[in-house]
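Novice: Model the following, please.
(chains A and B)
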Amino acid sequence: MNFSFTSPWYLLGLLGLALPILIHLLTRRQQTRLKFSAVYLLQQARKRSVRKSRPNKLLLLLLRCLAIGFLCLALANPNLSSGGLESILASRPSAHVFVLDDSYSMSATSDQGTLFDRAKTTLTELIEKLPGNHSFSLVLASHPARVVQDWTEDPGQTLKWLKAAQPSHRITRIGKAVTVAADLLSSAPQENKRIFILTDMDQNGWDRDEFPTALAEDSSTQIKIIDFSASQKGLNRALVEKVKLNQEFLTNRRVIRVQATIANLLPNRAIKQLPVTLVINGKRQSESMIDLPAKGKATHEFSFPLLNNDPVTGHVEIQEDALAADNRRLFVYQPDRKIKALVVDGDPRGVAHQHDSFYVEKALNPFSSPMADIEPTVSTLSEFSERDLKQYSVIILCNVRDLAIGLEQELEKFVLRGGALLIGLGDQVDPKYYNERLGLLLPVTLKSINQVRTKDKPFHLKAQPSDHPALKVFTGSMLKEMARIPFQTLYSVEPRREREFETPMHFTNRFPAVIESNFGEGKVILFVSSLDRDWNNFPIHPTFLPWIQRWVKYAAQGLENISRHDVTVGTPLVFEEMEQAPLVVAPGGIISIARKNPQSPPVFEDTHRPGVYELYHWSAPSVSEPMDSLPPKQLPADAKRLGSFTVNFDPAESVPGKVPEKELSQYFPGAQVDYSPADQSLNAASVGAGVPLTTLLFLLLAVMMFWEGWIVRKE
Amino acid sequence: MIDRRMPMAESTQFNYGPETLSEVSSLSIRAIQLVEGLLSGHHRSPHKGSSVEFAEYKDYSPGDDIRHIDWKVVGKTDKYHVKQFEQSTNLKCTLLLDASGSMAYRSPDSKSPGMDKRDYARTLVAAMGYLLLKQFDAVGLTLFNDAVVSHLPPRSKPSHFQNILHGLQDMEFKGVTRIEEVVGNLIERLPGRGMLILVSDLLTREDDVFKTLKMLKSRGLEVILFHVLHPDEVTLPFEGDLVFESLEDDPPLGLDPFDVRQQYQQAIQEQIEFYTKNCPTLGIDYLFLETSTPLEQALRYYLLRRKSLRKI
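Specialist: Next up is the predicted model:
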């Protein structure tokens, strides 16, 4: 049985008990002793007498003391309970840090909502029952541990927050949370300090290295752990651990393969015929049954056709169990953007394969499929002037002698706006024209044609691994093959003054092979040999197809397709190859900006909600403004979609292991650790929720006063 | 007028003065009943007394006149024997004075109307002794509490009054009242057909005091009962929180007298009424005396009452 008082200051009124006692002592008549003869008669008379002055005075004193006592107790608003939650609260003024585990494992179902709901109920009761002179703070134990409520004695704000609180999608870090709690307690002035940990004891969050050692030095800190794991309804049987996507290439229809890894979390029981479902764009695409060995894993592969170039959002899910959060895993697939390329043939011939554009066109769309990433359009030089260049992302000039008057200016505008210009040379090329009229686009001048004689050793590309985005896929045998390609003729170039350019590819004789430069927002790529077989055999080699495709995609800025990132909740996402911080549209339409530091690539850290995040390239309002300034409320009109990524639950939190009670003291060496299952606490709380005694005490006060009045009147 | 044979009366330390004794001696008590002999001029006594005619020997006991010791017998037997002579004698009266602690009550109020109970009782006993001796009656004195403290056999010699006064002077009021037990033990030693004057406050837990009186009466004794109480003991006039400490063996009792005054007075009155009502039925003279009552008035009232009864 425990007493608690809502307004304990009124108990000071009990000092008023001294008042009637003092009055009684001061007004008490002096007791004198008298030798008398007939004492036995007095005794008999007293037995017969109903009048008893002295006992009545004592009774009056008692009644008055009781009346004052009852009044003070009633004003203090006492509550009587039998071992409820308040019994674990200290009676002395104390500092409490409540560590609430809000990791996603707390979203496991129980008889009353989720474990988190039960933890919230318990915490709400604890905070409500805190006496007025107790201060408390609230720390969330999911990673990263953070203070939700700093020291306060007013529960209003915290209770309001608790009412709306939901379990996070993060993993547990009890040790970090306890460290935060210990830091808070170090600033608390009270001598009596307590840390309440409300958790499901998920072993994932209990790393001994993360627990503070300061607790061992401060013996005044008590640890009270309330375990909610026993309240879980059912078992967390399995989870979707991983989803991997692959695309089948070189087929007329693109097929996406989804490989899902399912893990059995039950240590001693195999799972038979577990339904696994693939959902694409909200529609159930496919379903299978798999068998899982005890504590084992199984991989199942789905495949589905990609019907268009729109992004695909989907997930793999398994049959529901106690913890729904880990039963599905999201993925997104972003097909490459369709790039429209205009191939200008500067030397059309009667036979198709003799066209300068023939190999380029075939390489860009080998199956002439409308589903291809690149849609080439071949144009003669005469038609070129009639084309609307805005409809194309890339213009490829193949052995073009020169351009009609004014067309070079159109090309310049095209590149300035962000278009890509690829130039392949050849025997038709007029170097004078290129050097004089295309000076803004080309950072180099065409110096001379270098041609090897038949008997001489041809030129060869200097094949070496490269970090260039367009070339980094070429490794190993592909490089060796590329190095064997003979080049008979090529242009030597000379850089223009004060022009910046790169030469990502060279020949073995150090002649530049590819010259890359930026102009406006676009790129200009110059290949110093021909894109047909006139000057080399490159077009008939297997590496030509990916080589020309990647250069086209790179020039059109379509290579950085961020669609296959599989990020776990809370993991920062670093955009290594981006210079400008992209806009990120989180699930729910919340727009934010990735953080950009001067010396490091953009980073997006707010990955705390599972789901699909969209990335957009945008023009920041001003260079002078910091990039992590307030994001726009709406997506800007000029925002270009860069891709998307998914954020999924960290499967580590699903591991069903619990920290044994007997090992708890190892996490808090030297501290007083008190462990209790939540069911006991809650039952005790429901049984002994407390009986308010105020009304009863006021009634007793009335009885005392009535009794006292009656005695006084009688005398 | 002061009797010349009572010179010791003035030398005693008692609070009664010559006026009191003189007033008392002006009255005469007459025997109501003829016992066995006659008082000189009034009745003849069958009992032994001082006379010229030898009657018998008896063992010497304190109070006996040493002149009557037969020294020849002492010489022969080495025992003291007193010669007793046949003579006309007076009434033999035993004065039985309660010497228990309760008789020592003194009022805490110096302005209390009553005199000290013990002085009052001793004065009363001395006056009665004087009165009786003046009539040539034999007077003895027995002091008792829970047992007989001292006993003086009745003597009629005027000088015996000095013994009585001496006995009264040396007495101490202490112990518990045991009237039944004392009388039971004493009754054999009392002279038959005599008179017994009992002076007591009758404050005893004993239930059958009246039976004892009845037994005395049945022995042919004339019993006179003086019930002496201090006015405080009748009215319980005290105020305030008091702890009453018993003069006998009762445990201390703390109370406010106001609470019990009515019941106490009622108990005392019931006791007085009991004796007042029942004593005459046995032929016992009962007189309740508060110490505030002038002693001479009480004695006069009593003797007048005795006289009137005799006339009847």
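
Novice: Give me the below-cutoff pLDDT ranges for the stretch 101-250 of chain B.
Specialist: B:192 (pLDDT under 70).

Novice: Contact distance from chain A - what residues of it qualify?
Specialist: By the rule C-beta under 8 Å from any C-beta of the partner chain, the part of the stretch 101-250 of chain B lying against chain A is B:101-106, B:108, B:117, B:201, B:203, B:205, B:230, B:233, B:236, B:238, B:240-248, B:250. Where C-beta positions appear, they are placed from N, C-alpha and C, glycine not excepted.

Novice: What subset of the residues you listed is buried?
Specialist: Among those, those buried by neighbour count (16 or more other C-beta atoms under 10 Å in any protein chain shown) are B:101-106, B:117, B:201, B:203, B:230, B:233, B:236, B:238, B:241-242, B:244, B:246-248, B:250.

Novice: Would you mind naming the residues that bridge with residue A:648?
Specialist: Beta-bridge partners for residue A:648, by DSSP bridges, are residue A:568.

Novice: cool, the one 10 residues further on as well?
Specialist: With DSSP bridges as the criterion, residue A:658 is bridged to residue A:202.

Novice: What residues does it make contact with?
Specialist: A:200-203, A:229 (C-beta atoms under 8 Å, 6 or more residues apart in numbering or on different chains).

Novice: State the number of residues packed around residue A:455.
Specialist: The local packing of residue A:455 (other C-beta atoms under 10 Å in any protein chain shown) involves 5 other residues.

Novice: What secondary structure category should be reported for it?
Specialist: coil (DSSP: H, G, I helix; E, B strand; the rest coil).

Novice: Give me the pLDDT for the spatially most central residue of chain B.
Specialist: Nearest to the geometric centre of chain B sits residue B:95, at 3.1 Å (C-alpha atoms, centre = their mean). Looking at residue B:95, its pLDDT reads 89.

Novice: Enumerate the beta-bridge partners assigned to it.
Specialist: With DSSP bridges applied, the residues forming beta bridges to residue B:95 are residue B:141, residue B:197.

Novice: Could I get the contacting residues of the residue of the stretch 1-150 of chain B found nearest chain A?
Specialist: Of all residues in the stretch 1-150 of chain B, residue B:102 sits closest to chain A, at 3.6 Å by C-beta to the nearest C-beta. Taking C-beta under 8 Å, 6+ apart, we find residue B:102 in contact with A:37-38, B:173, B:177, B:201, B:203, B:247-248.

Novice: mind running it again at 10 Å?
Specialist: Contacts for residue B:102 (C-beta atoms under 10 Å, 6 or more residues apart in numbering or on different chains) come out as A:36-40, B:117-118, B:145, B:173-177, B:200-204, B:229, B:233, B:246-248, B:250.

Novice: Longest helix in the chain, by number of residues?
Specialist: Answering for chain A, as no chain was given. The residue-count maximum for a helix in chain A (DSSP state H) belongs to helix A:53-75.

Novice: wrong chain, I was asking about chain B
Specialist: Chain B, longest helix under DSSP H: helix B:257-282.

Novice: could you say what helices and strands that one packs with?
Specialist: In terms of contacts (3 or more C-beta pairs under 10 Å, 6 or more residues apart in numbering or on different chains; DSSP states H and E), helix B:257-282 is packed against helix A:39-48, helix A:53-75, helix B:209-218, strand B:222-229, helix B:231-235, strand B:285-290.

Novice: Could you rerun that using 7 Å?
Specialist: Other elements packing on helix B:257-282 under the criterion 3 or more C-beta pairs under 7 Å, 6 or more residues apart in numbering or on different chains; DSSP states H and E are helix A:39-48, helix B:209-218, strand B:222-229, helix B:231-235, strand B:285-290.

Novice: show me where pLDDT drops low in the stretch 151-300 of chain A?
Specialist: For the stretch 151-300 of chain A, the stretches with pLDDT under 70 are A:214-219, A:247-254.

Novice: ranges for the strands of it?
Specialist: Using DSSP state E, counting those that start in this stretch, the strands assigned to the stretch 151-300 of chain A run over residues A:192-199, A:221-227, A:238-248, A:255-264, A:271-280, A:283-292, A:297-305.

Novice: can I get these in CSV with distance to chain B?
Specialist: Formatted as CSV, those follow (distance: least, C-beta to the nearest C-beta, whole Å):
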stretch, distance to chain B
strand A:192-199, 49
strand A:221-227, 54
strand A:238-248, 85
strand A:255-264, 88
strand A:271-280, 88
strand A:283-292, 91
strand A:297-305, 92
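
Novice: Turn those strands into JSON lines, columns for mean neighbour count.
Specialist: Listed next are these as JSON lines, based on neighbours: other C-beta atoms under 10 Å in any protein chain shown:
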{"stretch": "strand A:192-199", "mean neighbour count": "24"}
{"stretch": "strand A:221-227", "mean neighbour count": "22"}
{"stretch": "strand A:238-248", "mean neighbour count": "18"}
{"stretch": "strand A:255-264", "mean neighbour count": "19"}
{"stretch": "strand A:271-280", "mean neighbour count": "17"}
{"stretch": "strand A:283-292", "mean neighbour count": "14"}
{"stretch": "strand A:297-305", "mean neighbour count": "15"}
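
Novice: In JSON lines, list those strands along with distance to residue A:25.
Specialist: Converted to JSON lines, these look like this (distance: least, C-beta to C-beta, whole Å):
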{"stretch": "strand A:192-199", "distance to residue A:25": "38"}
{"stretch": "strand A:221-227", "distance to residue A:25": "44"}
{"stretch": "strand A:238-248", "distance to residue A:25": "77"}
{"stretch": "strand A:255-264", "distance to residue A:25": "81"}
{"stretch": "strand A:271-280", "distance to residue A:25": "82"}
{"stretch": "strand A:283-292", "distance to residue A:25": "84"}
{"stretch": "strand A:297-305", "distance to residue A:25": "85"}
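
Novice: re earlier: in this structure the residue nearest to the centre of chain B contacts residue B:139, no?
Specialist: Yes - contact criterion C-beta atoms under 7 Å: residue B:95 and residue B:139 qualify, at 6.4 Å.

Novice: list the residues that contact both of the two?
Specialist: residue B:129 (C-beta atoms under 7 Å, 6 or more residues apart in numbering or on different chains).

Novice: sorry, back to before: right, and the strands of the stretch 151-300 of chain A - which one's nearest residue B:164?
Specialist: The minimum distance between residue B:164 and the strands of the stretch 151-300 of chain A falls on strand A:192-199, with 88.1 Å, by C-beta to C-beta.

Novice: quick one: strands adjacent to that closest one?
Specialist: According to DSSP bridges, strand A:192-199 forms sheet pairs with strand A:94-100 (parallel), strand A:221-227 (parallel).

Novice: Bridged to residue B:226, which residues?
Specialist: Beta-bridge partners of residue B:226, as defined by DSSP bridges: residue B:199, residue B:287.

Novice: thought it was touching residue B:199?
Specialist: Yes - at 4.5 Å, residue B:226 counts as touching residue B:199 under the criterion of C-beta under 7 Å.

Novice: who touches both of those two?
Specialist: residue B:124.

Novice: Have a look at the two and say which one is more surrounded.
Specialist: Using other C-beta under 10 Å, the more surrounded residue of residue B:226 and residue B:199 is residue B:226, with 27 against 22.

Novice: How is chain B divided into domains?
Specialist: Listed domain ranges for chain B are B:8-35+B:90-311, B:48-86 (source: automatic domain parsing).
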